[in-house]
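A.B. asks: I'll drop the sequence and a predicted model, then ask my questions.
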Number of protein chains: 2
Amino acid sequence: MVSTRNPLNIGAAARAMANFGFARLRVVSPYDVAFREARSAVGAAPLLQKAEDYATLASSIADCRLVVGTTSIGHRGLQHPMRRLEYGARLIKRALAKAPVALLFGSEKFGLSNEDLSHCHWLMRIPTVDADLSMNLGQAVALCLYELARDPKAVKAKPGKIARAAAAEAEQITALLMDVLRQSGYVNPTTAASTEEKVRRLVRRLDIAARDAPVLLGMLRQILWKVSG
Amino acid sequence: MVSTRNPLNIGAAARAMANFGFARLRVVSPYDVAFREARSAVGAAPLLQKAEDYATLASSIADCRLVVGTTSIGHRGLQHPMRRLEYGARLIKRALAKAPVALLFGSEKFGLSNEDLSHCHWLMRIPTVDADLSMNLGQAVALCLYELARDPKAVKAKPGKIARAAAAEAEQITALLMDVLRQSGYVNPTTAASTEEKVRRLVRRLDIAARDAPVLLGMLRQILWKVSG
């Protein structure tokens, strides 16, 4: 983070790093008061306390093999390859497997300066809809780290399905509901057979979870007791 | 947003919505002072000014066909299907194509209550590494909206490549560099041929961009002028 002014943003960045498993926060010429405030805040993350403080950008990235600047759409005219977050994060992940990568964030107000950007191999932008509306710094950091930690396989990996009630349970529910409806005067005796079929189909459409079946049966038994009384 | 306390978080949520093209912010029993502060802040987004204020969660989601609660990993024990953001967002996108969807965020301190959660069809969690470290509310909103707006195709859609210098330009650079090296006394005449090959390979590995070729040629010409003087 280069020339960050607001301690809340440094804190938010540290929190997002902890959320997504990133460890090394480096700050370059932070607004001193802000940095000290953030670092000494009650409950400041260990990550923030361990943040390294550098006087120059060059010294902060010295050990990195890839340096990526983040920027809003507005910087498009700059003489740097510009990559969307989705694609850029993929390149960064690949590079991270081999050597340290620096991901630079500029100040809240001005972003990275042209001098800062000249240290970068390429730039990355978050695909927002409105070019003129910049992102909140803490949110921008969170998005970049999320995309880096994101698991593409999780898009398709359905979580374990909730177990459905067995047919026997669905039929028990159907039978009890029919009893209740009969006792309540809902069923016309001349169309009872077709009503039962309708009820059976309706109960199947409800797609009852296994763990809900006993609850529903309990409710229906209680209602049946009441309407039969 | 249900029972939000901090005006900065309501503001951050509104900003993220604007960033990713979402329009309808609804707040349920917000901490009144906070909400009024956020709404009347200098430069408050139009989106925030149009935010609708509801007394109950049920009334705020009345027109929605799908209601999804966001929660930290900690809630895993709850009797709700829990989906990771990557997968959940895919389901929400599909549902959004047909009808309004509500995405619920709870208070900073306690998240959504069990009563809030009972209005949800399923829950979504952001895949953070540490179950005990909750996310910052504004960042959580930004991540969910980013994932909803995210373009999976962009992962592979390489941006236009920077044009490489033509072979003729690379060879011009090689020749000039050799001249400079000869004039500087770098080249041992007995191994000049092999040095030239080395230099040629080195220049090719530099993978010079078309627009950088004239700049490099200009530099080399100037150096050659100086070292030949």
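C.D. replies: Thanks, I have the structure now. Numbering: from 1, shown residues only, chains lettered A, B, ... in the order given.
A.B. asks: which SSE is the spatially closest residue to residue A:137 that is not a sequence neighbour in?
C.D. replies: Distance criterion CB to CB, 6 or more residues apart in numbering or on different chains; nearest residue to residue A:137, sequence neighbours excluded, is residue A:9 at 4.4 Å. C-beta: built from backbone N, CA, C; applies to glycine. In the assignment (DSSP states H and E), residue A:9 maps to helix A:7-20.
A.B. asks: helices and strands of chain A: which one bottoms out on pLDDT?
C.D. replies: The helix or strand of chain A with the poorest confidence is helix A:32-40; it has a mean of 79 (mean pLDDT, DSSP states H and E).
A.B. asks: Could you see whether chain B lies near that one?
C.D. replies: No. Remark: helix A:32-40 sits outside contact range of chain B, by CB under 8 Å from any CB of the partner chain, the gap being at least 13.5 Å.
A.B. asks: what's the distance between the most centrally placed residue in chain A and residue B:209?
C.D. replies: With distances taken as CA atoms, centre = their mean, residue A:146 lies nearest the centre of chain A, 7.2 Å away. As judged by CB to CB, to the nearest Å, residue A:146 and residue B:209 stand 32 Å apart.
A.B. asks: now residue A:46
C.D. replies: For residue A:46, the distance to residue B:209 - CB to CB - is 43 Å.
A.B. asks: The two: who's more crowded?
C.D. replies: Taking other CB atoms under 10 Å in any protein chain shown, residue A:46 and residue B:209 do not tie; residue B:209 has more neighbours (16 against 9).
A.B. asks: which secondary structure elements does the helix holding residue A:9 contact?
C.D. replies: helix A:32-40, helix A:46-49, helix A:137-149, helix B:137-149 (3 or more CB pairs under 8 Å, 6 or more residues apart in numbering or on different chains; DSSP states H and E).
A.B. asks: Please list all residues in contact with the closest residue to residue A:105 other than its chain neighbours.
C.D. replies: Distances taken as CB to CB, 6+ apart put residue A:1 closest to residue A:105, at 5.0 Å, once the chain neighbours are dropped. Counting by CB atoms under 8 Å, 6 or more residues apart in numbering or on different chains, residue A:1 touches A:9-10, A:13, A:25-28, A:30, A:104-105, A:141.
A.B. asks: And stretch A:51-65, what's buried?
C.D. replies: Under the neighbour-count criterion of 16 or more other CB atoms under 10 Å in any protein chain shown, stretch A:51-65 has A:51, A:54, A:57, A:60-61, A:64 buried.
A.B. asks: in chain A, which ranges drop under the pLDDT threshold?
C.D. replies: Along chain A, the model assigns pLDDT under 70 to residues A:41-44, A:73-79, A:131, A:157-161.
A.B. asks: all helices for it, in order.
C.D. replies: All helices of chain A, identified by DSSP state H, fall at A:7-20, A:32-40, A:46-49, A:57-60, A:85-96, A:114-117, A:137-149, A:167-183, A:192-206, A:213-228.
A.B. asks: Give me whichever of those helices is most buried.
C.D. replies: For the helices of chain A, the largest average neighbour count (mean count of other CB atoms under 10 Å in any protein chain shown) is found in helix A:137-149, namely a mean of 25.
A.B. asks: what's that one packed up against?
C.D. replies: helix A:7-20, helix A:85-96, helix B:7-20, helix B:137-149.
A.B. asks: For residue B:113, which of those helices is the nearest?
C.D. replies: In terms of CB to CB, the element of those nearest to residue B:113 is helix B:137-149, at 15.2 Å.
A.B. asks: what's the angle between that closest one and helix B:7-20?
C.D. replies: Helix B:137-149 and helix B:7-20 are oriented at 20 degrees to each other (axes from the mean of the first three to the mean of the last three CA atoms, to 10 degrees).
A.B. asks: Which segments of chain A make up each domain?
C.D. replies: Listed domain ranges for chain A are A:7-155, A:167-228 (source: automatic domain parsing).
A.B. asks: first vs last residue of the first one, how far apart are they?
C.D. replies: The first residue of domain A:7-155 is 35 Å away from its last residue (CA to CA, to the nearest Å).
A.B. asks: Could you give the separation of it from the chain centroid?
C.D. replies: 18 Å (CA atoms, centre = their mean, to the nearest Å).
A.B. asks: Ok, the last one next?
C.D. replies: The chain centroid and the centroid of domain A:167-228 are separated by 41 Å under CA atoms, centre = their mean.
A.B. asks: tell me which strands and helices the least confident helix or strand of chain A is in contact with?
C.D. replies: Looks like helix A:32-40 contacts helix A:7-20, helix A:46-49 (3+ CB pairs under 8 Å, 6+ apart).
A.B. asks: Output the last one as CSV - backbone C-alpha positions only.
C.D. replies: What follows is the C-alpha trace of helix A:46-49 in CSV, where atoms were taken according to Å, rounded to 0.1, in the frame of the first residue of the first chain:
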residue,chain,number,x,y,z
PRO,A,46,-1.2,-9.5,14.1
LEU,A,47,-0.7,-9.1,10.4
LEU,A,48,-1.0,-5.3,10.8
GLN,A,49,1.5,-5.3,13.7
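A.B. asks: Other residues contacting it?
C.D. replies: Residues outside helix A:46-49 that contact it (CB under 8 Å, 6+ apart): A:10-11, A:14, A:17-18, A:23, A:25, A:38-39, A:41.
A.B. asks: what's the farthest-apart pair in the residues you listed?
C.D. replies: Among the contacts of helix A:46-49, the pair separated by the greatest distance (CB to CB) is A:23 and A:41, at 19.2 Å.
A.B. asks: who has more neighbours, those two?
C.D. replies: Neighbours were counted for residue A:23 and for residue A:41 using other CB under 10 Å; residue A:41 has more, 15 against 9.
A.B. asks: that older thread, and which of the contacts of helix A:46-49 is nearest to chain B?
C.D. replies: The shortest gap between chain B and any of the contacts of helix A:46-49 belongs to residue A:18, at 5.6 Å (CB to the nearest CB).
A.B. asks: Tell me if I'm right that that closest one and residue B:133 touch.
C.D. replies: Yes. Using CB atoms under 8 Å, residue A:18 is in contact with residue B:133, at 5.6 Å.
A.B. asks: hmm, back to that, report the contact partners of the residue nearest to the centre of chain A.
C.D. replies: So residue A:146 contacts A:16, A:20, B:126, B:143, B:146-147 (CB under 8 Å, 6+ apart).
A.B. asks: how about a cut-off of 6 Å?
C.D. replies: Residue A:146 sits next to residue B:143 when contact means CB atoms under 6 Å, 6 or more residues apart in numbering or on different chains.
A.B. asks: Over to residue A:55?
C.D. replies: By CB under 6 Å, 6+ apart, the contact list for residue A:55 is empty.
A.B. asks: ok, it to residue A:100 distance?
C.D. replies: Distance from residue A:55 to residue A:100, counting by CB to CB: 19 Å.
A.B. asks: And residue A:172, how close does it get to residue B:229?
C.D. replies: 102 Å.
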